[in-house]
Every structure is written in C-alpha cells, then in structure tokens.
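# What follows is a predicted structure for the sequence shown.
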Amino acid sequence: SAMLTHKDVAFLWATGGPGIVNACYRSGKPAIGVGAGNAPAMVDETCDMRDVAASIVLSKTFDNGMICASENAVVVVESAYEELRRCMEARGCYFMNEEETEKVGGAVINPEHHVSNLVVGKSALEIAELAGINVPDGTLVLVGEGSKVAVDEPMCYEKLCPVLG
C-alpha cells in the first residue's frame, strides 16, 4: 500500500488478482490493471523497435495467441508509435481502420464480454474472414487501436488469438 501512494510513483501497472488491480485503481493515480492472462506490452522510445515487434509477433503467433501470457494490448508512447508500427507491419501485422476494428472486435468478443470460441487459436486470416474484412495474404496479426480502456472496448480484453489492441 505504501508503494501505491508514494509521492514518487506517478503511474501504476498491475497484473494478477482483483485485489491488487482494484487497489491500484483506488489509489487515485493513473493506473492500468489487468487480470491474470491479459498482458499488455508497454513501449517507449528507449526500446529497440525491431526487437519489440519481433517479440510481440512471435508471442501472438505461437499457437495463434492461445497462451494466456501473450500480449493482448500494446501501449505505445506517441514518440515511438510510427517506428513501432513500421516494424510491426514489416513482421506481418495488419493495422485495421476503425470500421475493421469494430468488425473484428465484434467477432472476437461476444456481447457477454467473453472471447468467442469461434476465434480461439484461429489464424489472423481466418478471423478476418469471419469478421468480413479483407486483409493481405501473409497477415499474421490483426491490430486494432482501441478508443478507450473500458468494459465496452473489445480491444481491451484477453483475445486468445492473433489480435492485438
């Protein structure tokens, strides 16, 4: 509890059980909290973007993202965004537009906010087809930019497939 309220701590990031996640949210500081198995990656300008892109793509494509430890979201500081995007596109990531993101989000996360069993372990191409969007051959990961961090934002959820928020 002392760390959560310490004056030198400006931002909190928690993964695990609801106790620690809720404590971070109640701290009054900006916080990102996830349950077990909904890991985000945080990327800033100090990272080697080629290595980051390679690691994220490998994580999301091994078993088509079924491992709960694979990234489900990438949080990128603005100064690193363009370079990371170029590196991820070079590795087979397809960055969806808003309409495509909405379609894929609806196919991946059902109205009860659970991952659809129709996408678990499927390839990015199979998910794109299911969602009714066209992507280039060779697409390995579908990337959709979330508009917010909220219950009604599908890109915030654990997806168990090669889709990133």
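Nice, I can see it.

# Skipping its backbone neighbours, what lies nearest residue 105 in space?
When the adjacent residues along the chain are set aside, residue 105 lies closest to residue 154, with 3.1 Å between them (CB to CB, 6 or more residues apart in numbering). Backbone N, C-alpha and C define where each C-beta goes, glycine included.

# actually residue 4, not the one I wrote
In space, not counting the residues next to it along the chain, residue 4 is nearest to residue 27; the distance is 4.4 Å by CB to CB, 6+ apart.

# how much space between the one you found and residue 106?
Residue 27 sits at a distance of 33 Å from residue 106 (criterion: CB to CB, to the nearest Å).

# Who has more neighbours out of the two?
Applying other CB atoms under 10 Å to residue 27 and residue 106 shows that residue 27 carries more neighbours, namely 17 against 14.

# what's the pLDDT at residue 17?
For residue 17, the model assigns a pLDDT of 69.

# And for the one 3 residues further on?
Looking at residue 20, its pLDDT stands at 80.

# ditto for residue 14
The confidence metric pLDDT takes the value 79 at residue 14.

# which strand residues sit across from it in the sheet?
According to DSSP bridges, residue 33 are recorded as the beta-bridge partners of residue 14.

# how many other residues sit next to it?
19.

# Could you tell me how far it is located from residue 125?
With distances taken as CB to CB, residue 14 is found 34 Å from residue 125.

# Repeat that for residue 31.
From residue 31 across to residue 125, the span is 36 Å (CB to CB).

# same thing with residue 11?
Look at residue 11 and residue 125: by CB to CB, they are 37 Å apart.
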